[in-house]
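[1] this one's sequence-less:
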Ligand code: LRH
Ligand code: MN
Ligand code: MN
């Protein structure tokens, strides 16, 4: 065993929330590829997500996206989730697929459109009250495409006013989580482009407002772990949307493009007290455009677990001593030793000791679930993208 038992105990506390939309059809603006067996409604998305938890023990909750996951009864959906061994988690709002929002939603200059966007968020809070969700996650497509198109400063003021109206409605134990993204679909400026803007906006609201860091929402070369450190230091890191990217907001499997970056991010989470801390939610925000979706999610949560195990292996005492003595190469060596440690065998043993399959990917493949849904489900939905 390479992993000490105290570390294995910490790993047992890991929980990664899955996005309901990862199970539906998705694609790029060029083509959405339909797959056999995709869910026909939110209930089936939850059933699929439950398979990921069943085989890994890592994914006990599922995030919803409204209106993609609109259902007549959220208490029915909640019961369905619980019957399948999972919970409903974060509620994501959507103000990016309505013609009214072409020039902005909560930042729009027209008070009618702003109010419509605010009302959508209030509806999301009503849903959270039924699903038992804590977090309202807001990502805004708001922004402009051309210099001079609108006044950036007035938009920032309107953003504050609208977020305040939404914040007011939160229950005592609920949170507003504001996600930033530096481009797309707006290409000149976005109204919440970076962690600093998100931090400034949520700080102006109060303690129940925090920042969401989506790993795909930064310029190439950005030192994301520095942002993690800073937000934890400021007590404002609310959640992660994990995914990986080669070029833009690719939404690929987390840890697929750059496992070392994922390791460095989790290392800072651990360093900053954000690991196994309910205030810092680990979530995935991914699409599986060409690969099968349930195994794509299984691979994703395993990647997060693997890099977490390696980050927890860093000998912090030795690292602190090397840093204090200015031993650059020793300090770097300690971090790299942990990164290069192969923990897969230990994690397989850990899974078996908890009654889980040693190899969740092959266990899922052998379970017959994929074949069953491909036969039984006809006419699956498209995650929401383009729907
Ligand atoms: C925007 C985003 C945001 C949305 C999700 C579907 O790029 O990351 O989190 O809600 O994609
Ligand atoms: Mn996201
Ligand atoms: Mn994104």
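    Right, received. Where do you want to start? Treat the numbers as computed from the prediction; the structure is a model and nothing was measured. Numbering: from 1, shown residues only. Ligands and ions are numbered 1, 2, ... in the order given.

[2] now the residue in the stretch 251-387 of the chain positioned nearest to ligand 2. Nearest residue, chain neighbours left out?
    Residue nearest to ligand 2 within the stretch 251-387 of the chain: residue 285 (3.7 Å; CB to the ion). Any C-beta I mention is one placed from the backbone N, CA and C, and that applies to glycine too. Once flanking residues are discounted, residue 285 sits nearest to residue 241: 3.5 Å by CB to CB, 6 or more residues apart in numbering.

[3] ligand 2 versus the one you found, what's the distance?
    Distance from residue 241 to ligand 2, counting by CB to the ion, to the nearest Å: 4 Å.

[4] what sits against that residue?
    Contacts for residue 241 (CB atoms under 8 Å, 6 or more residues apart in numbering) come out as 179, 212-217, 283-285.

[5] pLDDT score for it?
    On pLDDT, residue 241 comes in at 98.

[6] now it, what's its secondary structure?
    strand (DSSP: H, G, I helix; E, B strand; the rest coil).

[7] any idea how far apart the tips of stretch 336-352 sit?
    28 Å (CA to CA, to the nearest Å).

[8] centre of the chain to that stretch, how far?
    With CA atoms, centre = their mean, to the nearest Å as the basis, stretch 336-352 stands 24 Å off its chain's centre.

[9] so residue 211 lies in a helix, does it not?
    No. Assessed with three-state DSSP, residue 211 is strand; it does not lie in a helix.

[10] tell me which helix or strand the closest residue to it other than its chain neighbours sits in.
    Excluding the flanking residues, the one nearest residue 211 by CB to CB, 6+ apart is residue 198, at 4.5 Å. In the assignment (DSSP states H and E), residue 198 maps to helix 195-205.

[11] which secondary structure elements does that helix sit against?
    helix 152-168, strand 175-179, strand 209-214, helix 224-233 (3 or more CB pairs under 8 Å, 6 or more residues apart in numbering; DSSP states H and E).

[12] buried ones in that helix, by neighbour count?
    195, 197-199, 201-202, 205 (16 or more other CB atoms under 10 Å).

[13] okay, the angle between that helix and helix 152-168?
    50 degrees (axes from the mean of the first three to the mean of the last three CA atoms, to 10 degrees).

[14] touching, the residue of the stretch 251-387 of the chain closest to ligand 2 and residue 245? I think so.
    No. Between residue 285 and residue 245 there is no contact under CB atoms under 8 Å: 11.2 Å.

[15] who touches both of these two?
    Counting by CB under 8 Å, 6+ apart, the residues touching both residue 285 and residue 245 are 216, 251.

[16] more crowded one of the two?
    Remark: of residue 285 and residue 245, residue 285 carries more neighbours, 28 against 20, as counted by other CB atoms under 10 Å.

[17] kindly state the pLDDT recorded for that one?
    Residue 285 is given a pLDDT of 98.

[18] check contacts around it.
    Contacts of residue 285 by CB under 8 Å, 6+ apart are 19, 214, 216, 241-243, 251.

[19] change it to 10 Å
    17-19, 21-22, 63, 65, 92, 137, 139, 179, 212, 214-217, 239-243, 249, 251, 254 (CB atoms under 10 Å, 6 or more residues apart in numbering).

[20] tabulate the helices and strands packed on helix 195-205 (TSV), appending distance to residue 293 and mean pLDDT.
    Shown next, in TSV, are the helices and strands packed on helix 195-205 (distance: least, CB to CB, whole Å; pLDDT from 0 to 100):
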stretch	distance to residue 293	mean pLDDT
helix 152-168	31	99
strand 175-179	22	99
strand 209-214	19	99
helix 224-233	26	98
